[in-house]
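> only geometry, no sequence info:
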Ligand SMILES: NC(=O)C1=CN([C@@H]2O[C@H](COP(=O)(O)OP(=O)(O)OC[C@H]3O[C@@H](n4cnc5c(N)ncnc54)[C@H](O)[C@@H]3O)[C@@H](O)[C@H]2O)C=CC1
Ligand SMILES: O=C([O-])C1=[NH+]CCC1
């Protein structure tokens with residue numbers, strides 16, 4: 001069975017995705033032997049701007065194996081294209097294939113949301129929750145997916161957008177204008193409104209830092225999703241290595257190999273997001289009084305989680 005883009009949208013329930021994501025990320029960080037995820041292969045093509053990525057994993061506990069193969073061609077539209085395949089780990093049978101663009105968009109935004117629940121919402125008062133402000137930086141596929149997931153699962157008081165390509169920001173603003181009372185476009189990243197923001201999602205393919213310590217308020221939570229090679233980065237060294245900042249990643253192994261911010265700044269990694277699931281003490285230690293950064297590069301087990309939700313939506317129907 002093939003799930004095209006619209007069936008992925010239809011069948012990928014966000015609450016179910018969040019539940020399976022927290023389980024697999026937690027088991028990954030506990031080094032559960034029933035979960036195997038080798039480091040993915042990222043093959044540069046010709047000029048090294050384009051990549052072929054191959055991401056396998058096996059979950060013997062849940063009884064599935066998954067592999068996602070995608071191309072990353074930033075001069076093409078869309079940048080990411082490919083396929084996710086889910087197999088039965090007992091019989092070896094192929095269970096489904098699905099559009100990787102939509103799965104990648106949704107599961108990346110859902111993982112950022114999970115990190116935000118853990119590192120930001122859990123320390124906020126009710127009053128803060130009622131007045132919270134979100135900024136999305138980069139308004140292409142990931143920018144759209146982050147705004148979609150973050151507004152489906154939380155009520156924001158204000159939303160700000162910034163994009164190098166202003167038309168992308170205007171398009172995203174128009175899409176949400178009837179649904180969100182306050183959705184505004186920032187003129188640049190020194191705009192004072194960025195300082196009001198409680199949660200920032202950076203979703204660009206930048207190779208230069210876009211945000212530094214002085215542009216944000218202390219205690220902000222940032223989901224930095226854009227970089228996945230040593231040359232790419234969205235956050236400046238002063239923010240990464242400030243004594244007021246704690247950096248959390250999806251995988252230490254992957255982040256140290258792929259995340260430009262971590263490699264270039266040599267920032268300390270406080271934890272993997274999976275270590276924070278069901279660990280109140282560590283969570284408090286890392287998030288209280290701190291600016292928190294969740295740097296994700298993307299893991300095969302996140303694609304697995306999405307493919308399981310699609311498969312089970314059909315088998316349980
Ligand atoms: N962490 C994760 O799990 C995942 C991360 N990504 C990464 O997230 C980023 C966004 O993904 P898509 O929206 O699919 O890519 P896209 O190629 O559609 O959009 C990238 C956006 O970044 C902007 N951009 C590029 N360089 C910039 C710069 N120097 N300053 C400001 N803006 C700049 C472009 O104008 C474009 O709007 C990509 O870098 C991608 O590799 C994508 C999927 C998963
Ligand atoms: O996890 C993923 O699929 C990707 N991370 C960066 C580009 C694609």
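Okay, I see it. Please read all numbers here as calculations on a predicted model, not as lab measurements. Ligands and ions are numbered 1, 2, ... in the order given.

> Pick out the residue nearest the middle of the chain.
Centrality entry for the chain: nearest residue to the mean C-alpha point is residue 108, 3.5 Å, by CA atoms, centre = their mean.

> so when I look at it, I'm seeing a strand, right?
No - with the criterion set as DSSP: H, G, I helix; E, B strand; the rest coil, the secondary structure at residue 108 is helix rather than a strand.

> was I right about it contacting residue 145?
Yes - under the criterion of CB atoms under 8 Å, residue 108 is in contact with residue 145, at a separation of 6.7 Å. From N, CA and C alone the C-beta is placed, and that goes for glycine too.

> Would you map the helices across the protein?
When secondary structure is read from DSSP state H, the chain shows helices at 5-11, 14-29, 100-119, 126-130, 141-153, 166-176, 237-240, 252-258, 260-265, 273-276, 280-287, 300-315.

> Reformat those helices as JSON lines; add mean pLDDT and distance to residue 85.
Formatted as JSON lines, the helices of the chain follow (pLDDT from 0 to 100; distance: least, CB to CB, whole Å):
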{"stretch": "helix 5-11", "mean pLDDT": "97", "distance to residue 85": "14"}
{"stretch": "helix 14-29", "mean pLDDT": "98", "distance to residue 85": "17"}
{"stretch": "helix 100-119", "mean pLDDT": "98", "distance to residue 85": "10"}
{"stretch": "helix 126-130", "mean pLDDT": "97", "distance to residue 85": "39"}
{"stretch": "helix 141-153", "mean pLDDT": "98", "distance to residue 85": "21"}
{"stretch": "helix 166-176", "mean pLDDT": "98", "distance to residue 85": "31"}
{"stretch": "helix 237-240", "mean pLDDT": "98", "distance to residue 85": "36"}
{"stretch": "helix 252-258", "mean pLDDT": "97", "distance to residue 85": "21"}
{"stretch": "helix 260-265", "mean pLDDT": "98", "distance to residue 85": "29"}
{"stretch": "helix 273-276", "mean pLDDT": "98", "distance to residue 85": "24"}
{"stretch": "helix 280-287", "mean pLDDT": "96", "distance to residue 85": "35"}
{"stretch": "helix 300-315", "mean pLDDT": "96", "distance to residue 85": "8"}
